[in-house]
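Undergrad: Okay, sequence plus prediction incoming.
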Amino acid sequence: MRRSFALALALLFALPAAAHARDATITSFDGTQIVLSFHPSPGGGKAPTILEGHGWAGSRETNPEAASDEALGNVGVGALRKAGFNVLTWDSRGFGSSGGTVTVDAPDKEARDVMALIDWLAQQPEAQLDKAGDPRVGMTGVSYAGGIELTTAALDKRIDAIAPIIAWHSLTSSLYKEETVKGGWATGLTTVGIPGSKGRLDPHILSAFTSGAATGKLSEEDRAWFASRGPGDLVWQIKVPTFVVQGTADTLFTLKEAITNFEIARISGVPAKMMWFCGGHGVCLTGSGPKGHVEAAVVAWLKRYVAGDTSVDTGPGFEWLADDAQWRSTPDYPVPPGAPVTASGKGTLVLNPLDAVSGTIASAGRAVNAVNVPVTAERAAQIVGEPTLTLTYSGTGIGTHVFAQLVDEKRQVVVGNQATPIPVTLDGQPHTISRPLEAIAASAPAGAKYTLQLIGGTQLYGPVRGAANITFSRIDLSLPTVGAAAISGGANVLAPTRTCLSKRKFSLRVRGANPRVTVDGKRVKVRKGRATIDLRGKPRGTVKVKVTVKRKGKTVRETRTYKTCAPKTKR
């Protein structure tokens, strides 16, 4: 090395001390008070920011080191901060410490609250700005938080990228599929929503619950109200990179909700990615795979499209975890098709309102009273996507729906925990109806046995609503598979985020007159020939130290680069 002014460097890099987390209350457009917590990035200075909301009936995360939740797919505040982001959390309108009435992520209420949060963020000294009033900002979060991401991203162009997790496309297609209320979830959501909001729920929520529990139907007024909550057609207005993450075991917001949002994003031409993991609103019964994969994928997406790090690989366009707990991928969805697994049958189903219904409010289960159709995978196959069911039938009596589910005979579980309502007309005349079933992801070895069940009720939706006799003269099922050449072999698994936080501290000895020391352009004080620089809490990376002194009437300059997370201090 050159005569470095005889610098005895023990560098502890001096950046400004990291700012502390803080709470604030803002006034939204209509005077509603919204309470937030702001968690600056651990490195200090300016950084892009991630807005992360909370689930239904919940409240904001106040722990700056909060861990990720594997079962729900939620990425913790701690992981986001370690990746170099500020994180802003808040109590949604009507929940936690915020004021107002819960209106279920409405475009004209909760979305405008988020716009006010972004206005506040733009004034914070730690916020990286694209321009005045426009912070560099992304959004992620699960369930209720995912819904507000999709709605707000359509309306506020300051949002740079989103990663909604276990969210929905439409509350009518998710909670009122085929015009029958998902009664199990409606009961659960209302039960926690009333105390969670301290009773501050819009009246339509309770009205819909009451009529749904009694009849399985919604009034036209309630149906229109839920349809207006979004995001629905607003997704067509989203023009920023969108990463949708959904749970194969999610029976509240099923894979179909993510498929719809993802396909709109693709048609709109924005960067888009979809991932299916085993979790969400439901119970994973078949294995959740390696830990940290969802977290790593979401962080990578946000680093690429919010932080603008073009070196980050966001992985393939579609990744899924099948029921063998193995990750697989294709460049896009829909997947290149293979030969479908098919089955046919017939039978008679007697609907009896006194029958006990199978499953739980969150998962379908094998039913005793059912028309059963055996299904065999003659060859090994990856079953991915929406099966197609065609029924030719006639029936008499009272009733509006039957339900279809696929039982895995080896595991003795309903695939994906999913049951799909199929509307029927019971006028004694022959009818044919064809419907897609809820999407699934199953790894079927050669000879795998399944059973298609047609049943009268499931606890996912409610009791058997009617008494009838239905004869199915033909039942045809087709299960979609992936072309073998299209599967990437499960190799595209991102490593979990493990960004270190520096513990380095150095004393820099400077010999010469008029010393000047800067760290990444910021000046550090020199006292009695030493500059003390604190690097602790800074994420993995490099920093540049520049030293300028006068020696024998000449100006001498030196620049050195140091790793923030190097195992040992260089001397």
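TA: Thanks, I have the structure now.

Undergrad: for the residue nearest to Gly138 when sequence neighbours are not counted, phi and psi?
TA: Closest residue in space to Gly138, ignoring its immediate chain neighbours: Val306 at 3.6 Å, by C-beta to C-beta, 6 or more residues apart in numbering. Quick note: C-beta positions are derived from backbone N, CA and C, even for glycine. Dihedral angles of Val306 (phi, psi; degrees, to the nearest 10) stand at phi -100, psi -50.

Undergrad: who's in contact with Val306?
TA: By C-beta atoms under 8 Å, 6 or more residues apart in numbering, the residues touching Val306 are 48, 50, 85, 136-138, 160-161.

Undergrad: Likewise for Ala325?
TA: Contacts of Ala325 (C-beta under 8 Å, 6+ apart): 278, 286-289.

Undergrad: and with 10 Å instead?
TA: 278, 284, 286-290, 443 (C-beta atoms under 10 Å, 6 or more residues apart in numbering).

Undergrad: Check which element follows the helix or strand Ser174 falls within along the chain.
TA: Taking DSSP states H and E as the definition, Ser174 sits inside helix 171-175. Note on helix 171-175: by DSSP H and E, the next helix or strand toward the C-terminus is helix 183-196.

Undergrad: Can you list the buried residues in that next one?
TA: 183-190, 193-194, 196 (16 or more other C-beta atoms under 10 Å).

Undergrad: on contacts alone, who are the packing partners of that helix?
TA: In terms of contacts (3 or more C-beta pairs under 10 Å, 6 or more residues apart in numbering; DSSP states H and E), helix 183-196 is packed against helix 171-175, helix 203-215.

Undergrad: Out of the helices and strands in the protein, which is least certain?
TA: strand 9-10 (a mean of 28; mean pLDDT, DSSP states H and E).

Undergrad: coming back round to it: dump the contacts of Ala325 to JSON lines, plus neighbour count, distance to His431 and secondary structure.
TA: Below are these laid out as JSON lines (neighbours: other C-beta atoms under 10 Å; distance: C-beta to C-beta, whole Å; DSSP: H, G, I helix; E, B strand; the rest coil):
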{"residue": "Cys278", "neighbour count": "26", "distance to His431": "36", "secondary structure": "coil"}
{"residue": "Cys284", "neighbour count": "22", "distance to His431": "37", "secondary structure": "coil"}
{"residue": "Thr286", "neighbour count": "22", "distance to His431": "35", "secondary structure": "coil"}
{"residue": "Gly287", "neighbour count": "12", "distance to His431": "40", "secondary structure": "coil"}
{"residue": "Ser288", "neighbour count": "18", "distance to His431": "41", "secondary structure": "coil"}
{"residue": "Gly289", "neighbour count": "21", "distance to His431": "42", "secondary structure": "coil"}
{"residue": "Pro290", "neighbour count": "14", "distance to His431": "47", "secondary structure": "coil"}
{"residue": "Ser443", "neighbour count": "19", "distance to His431": "35", "secondary structure": "strand"}
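
Undergrad: What are the phi and psi values at the residue most central in space within the chain?
TA: Residue closest to the mean C-alpha point of the chain, counted by C-alpha atoms, centre = their mean, is Ile165 at 1.1 Å. The phi and psi torsions at Ile165 (degrees, to the nearest 10) take the values phi -120, psi 130.

Undergrad: And it, how far from Gly428?
TA: Distance of Ile165 to Gly428, computed by C-beta to C-beta, to the nearest Å: 47 Å.

Undergrad: any chance you could map the helices in the stretch 101-250 of the chain?
TA: With helices called from DSSP state H, counting those that start in this stretch, the stretch 101-250 of the chain shows them at 110-121, 144-155, 171-175, 183-196, 203-215, 220-227.

Undergrad: and the third one, how far out from the chain's middle?
TA: So the one you mean is helix 171-175. Centre-to-centre, helix 171-175 and its host chain are 18 Å apart (C-alpha atoms, centre = their mean, to the nearest Å).

Undergrad: Counting by contacts, list what it packs against.
TA: On a contact count with 3+ C-beta pairs under 10 Å, 6+ apart, helix 171-175 meets helix 183-196, helix 203-215, helix 220-227, helix 255-268.

Undergrad: Please apply the same query to the second one.
TA: Applying 3+ C-beta pairs under 10 Å, 6+ apart, we find helix 144-155 packed against strand 49-52, helix 110-121, strand 137-142, strand 159-165, strand 242-247, helix 255-268.

Undergrad: Serialize these to JSON lines and add fields for distance to Thr348.
TA: As requested, the helices and strands packed on helix 144-155 are exported to JSON lines (distance: least, C-beta to C-beta, whole Å):
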{"stretch": "strand 49-52", "distance to Thr348": "52"}
{"stretch": "helix 110-121", "distance to Thr348": "48"}
{"stretch": "strand 137-142", "distance to Thr348": "43"}
{"stretch": "strand 159-165", "distance to Thr348": "43"}
{"stretch": "strand 242-247", "distance to Thr348": "35"}
{"stretch": "helix 255-268", "distance to Thr348": "29"}
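
Undergrad: Reformat those as a markdown table; add mean pLDDT.
TA: Output for these, formatted as a markdown table (pLDDT from 0 to 100):
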| stretch | mean pLDDT |
| --- | --- |
| strand 49-52 | 98 |
| helix 110-121 | 98 |
| strand 137-142 | 98 |
| strand 159-165 | 98 |
| strand 242-247 | 98 |
| helix 255-268 | 98 |
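
Undergrad: Report the contact partners of the nearest residue to Gly55 once chain neighbours are set aside.
TA: Closest residue in space to Gly55, ignoring its immediate chain neighbours: Ser143 at 4.4 Å, by C-beta to C-beta, 6+ apart. Contacts for Ser143 (C-beta under 10 Å, 6+ apart) come out as 53-56, 58, 72-74, 164-168, 250, 252-253, 280-281.

Undergrad: Quick check: pLDDT value at Ser143.
TA: In this prediction, Ser143 carries a pLDDT score of 98.

Undergrad: swap in Lys503?
TA: The model's pLDDT for Lys503 equals 70.

Undergrad: from what I can see it touches Pro42, true?
TA: No: the pair Lys503 and Pro42 fails to qualify as a contact (C-beta atoms under 10 Å) at a distance of 11.7 Å.

Undergrad: the more surrounded of the two?
TA: For Lys503 versus Pro42, neighbours defined as other C-beta atoms under 10 Å are more numerous around Pro42 (23 against 12).

Undergrad: And that one, what's its pLDDT?
TA: What the model reports for Pro42 is a pLDDT of 94.

Undergrad: now swap in Ala8 and tell me
TA: Per-residue pLDDT puts Ala8 at 27.

Undergrad: picking that back up, with distance to Arg516 as added columns, please give the contacts of Val306 in a markdown table.
TA: Formatted as a markdown table, the contacts of Val306 follow (distance: C-beta to C-beta, whole Å):
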| residue | distance to Arg516 |
| --- | --- |
| Pro48 | 30 |
| Ile50 | 36 |
| Phe85 | 32 |
| Arg136 | 31 |
| Val137 | 36 |
| Gly138 | 37 |
| Asp160 | 37 |
| Ala161 | 39 |
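
Undergrad: ok, back up a step: out of the contacts of Ala325, which two sit at the greatest distance?
TA: Within these, two members stand farthest from each other by C-beta to C-beta: Pro290 and Ser443, at 15.7 Å.

Undergrad: Between its first and last residues, how far does stretch 71-82 reach?
TA: Distance between the two ends of stretch 71-82: 21 Å, counting by C-alpha to C-alpha, to the nearest Å.

Undergrad: And it, how far out from the chain middle?
TA: Taking C-alpha atoms, centre = their mean, the mean C-alpha location of stretch 71-82 is offset from the chain mean by 11 Å.
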